[in-house]
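# Please find the sequence and the predicted model below.
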Amino acid sequence: MKTAYVTGADRGLGHGLTQVLLEQGYRVYAGQYMPGWEQLSALKEEYGGRLTLLPLDISDPGQVAAAAGVIAGNEASLDLLCNVAGIAGKAGRGSVFDEFSESDYEGMHRLYDVNTLGPLRVTRSVIDLIVRGEGKTIITISSEAGSVGGNWRNGEYGYCMSKAALNMQSAILQHSLLHLGVKVLCLHPGWLRSYMSGKLNEQATEEPLEVAYKIAGLLGDKRLMDLASPMYMDYRGMPLSY
Ligand SMILES: NC(=O)c1ccc[n+]([C@@H]2O[C@H](COP(=O)([O-])OP(=O)(O)OC[C@H]3O[C@@H](n4cnc5c(N)ncnc54)[C@H](OP(=O)(O)O)[C@@H]3O)[C@@H](O)[C@H]2O)c1
């Protein structure tokens, strides 16, 4: 049975990917950040032993290590890691002409800690399992907001810089894992009807579950999965500029 580990699985895209992977027969380890949120428990009721919920704040090294310990205790390998957890927040959203307070700078540190260092912590914690797996795939959910070449914004420093650095992390990872046959995909998921602003964004254009199906579909595209193919793209497989 194929195995996967998904972070930020409570709601939004992480939940969608967890559901799709379970439907496709994977055994899934899902990072749970919001134990009071019921969507993940509903999947647990439906899929029972094929879904393991792990308490996970990706900014907490102890929780990241504990989650990896549970997975390593159960599995000799992992086929797929999906780094999905991320935050937006208001820190550093203004333009260079706006006043930035100390709390803006603190908030931007938090964005970097979660959006950039979080995926690195998680990837490092299970990299040996990924290398031993058959799927050998790491999906990192970034954003078009991390594209330097494609930038059109006058503000949003905190979020954009955290995702640009995540793109660099993904590029270094891909470079360092090529000889081991591990493919890294760094994806923009579109504008999601999810909870990044704290409440459901009903104006956004993409349903997280539909995007999750499309992302799972990318895994079956031999051309995209070729180690020499570009790794930064949107959820439909359209390449993006770094
Ligand atoms: N939404 C968009 O339009 C959009 C566009 C481009 C890229 N993305 C990226 O897509 C990914 C998924 O976002 P989404 O739209 O599905 O957002 P979401 O609905 O907010 O889902 C993200 C989940 O991760 C959780 N989380 C927050 N901090 C965490 C931490 N430290 N450790 C573990 N989990 C944590 C969130 O909890 P809380 O709700 O309590 O924070 C939430 O349950 C993110 O990486 C985001 O940057 C989203």
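The structure has been received and is ready for your questions. Numbering: from 1, shown residues only.
# Which helix or strand contains the residue of the chain most remote from its centre?
Relative to the centre of the chain, the most outlying C-alpha is that of residue 97, 32.0 Å out, by Cα atoms, centre = their mean. Assigned by DSSP states H and E, residue 97 belongs to neither a helix nor a strand.
# Please tell me how far it sits from residue 115.
Spatial separation of residue 97 from residue 115 under the definition Cβ to Cβ, to the nearest Å is 25 Å. For every residue, glycine as well, the C-beta is placed using N, CA and C.
# try residue 157
Counting by Cβ to Cβ - residue 157 and residue 115 are separated by 13 Å.
# Comparing these two, which residue is more hemmed in?
For residue 157 against residue 115, the residue with the higher neighbour count under other Cβ atoms under 10 Å is residue 115, and the figures read 28 against 19.
# Spell out which residues sit in contact with the residue nearest the centre of the chain, please.
The centre of the chain sits closest to residue 84, judged by Cα atoms, centre = their mean, with a distance of 2.0 Å. By Cβ atoms under 8 Å, 6 or more residues apart in numbering, residue 84 lies in contact with 6, 7, 8, 9, 12, 13, 14, 17, 139, 141.
# Let's see that with 6 Å instead.
Contact criterion Cβ atoms under 6 Å, 6 or more residues apart in numbering gives 7, 8, 13, 14, 141 as the residues in contact with residue 84.
# How much space separates the first one from the ligand?
To tie it back to what came earlier, the one meant is residue 7. The span separating residue 7 from the ligand equals 6 Å under the rule Cβ to the nearest ligand atom, to the nearest Å.
# from memory that residue sits against residue 71, does it?
No: the criterion here is Cβ atoms under 6 Å, and residue 7 misses it with residue 71 at 11.9 Å.
# So between those two, which is more surrounded?
The residue with the greater number of neighbours, taking residue 7 and residue 71 and applying other Cβ under 10 Å, is residue 7; the counts read 29 against 19.
# Quick one, grab the pLDDT at the more buried one.
Confidence per residue is given as pLDDT, and for residue 7 that number is 98.
# Likewise for the one 5 residues further on?
Residue 12 carries a pLDDT value of 97.
# ok now do it, which residues does it touch?
Taking Cβ under 6 Å, 6+ apart as the contact definition, residue 12 lies against 194, 195, 208.
# burial of the nearest residue to it once chain neighbours are set aside, as a residue count?
The shortest distance from residue 12 to any residue that is not its chain neighbour, by Cβ to Cβ, 6 or more residues apart in numbering, is 3.4 Å, and that residue is residue 194. Taking other Cβ under 10 Å as the criterion, the count of residues near residue 194 is 21.
# isn't residue 139 right next to residue 183, touching?
No: in terms of Cβ under 6 Å, residue 139 does not count as a neighbour of residue 183; the distance is 9.2 Å.
# Give me the more crowded residue out of these two.
residue 139 (22 against 19).
# Checking that one next. Helix, strand or coil?
Under DSSP: H, G, I helix; E, B strand; the rest coil, the three-state class of residue 139 is strand.
# re the thing from before, settle this for me: the residue nearest to residue 12 is touching residue 208, isn't it.
Yes: Residue 194 is in contact with residue 208 according to Cβ under 6 Å; the separation is 5.3 Å.
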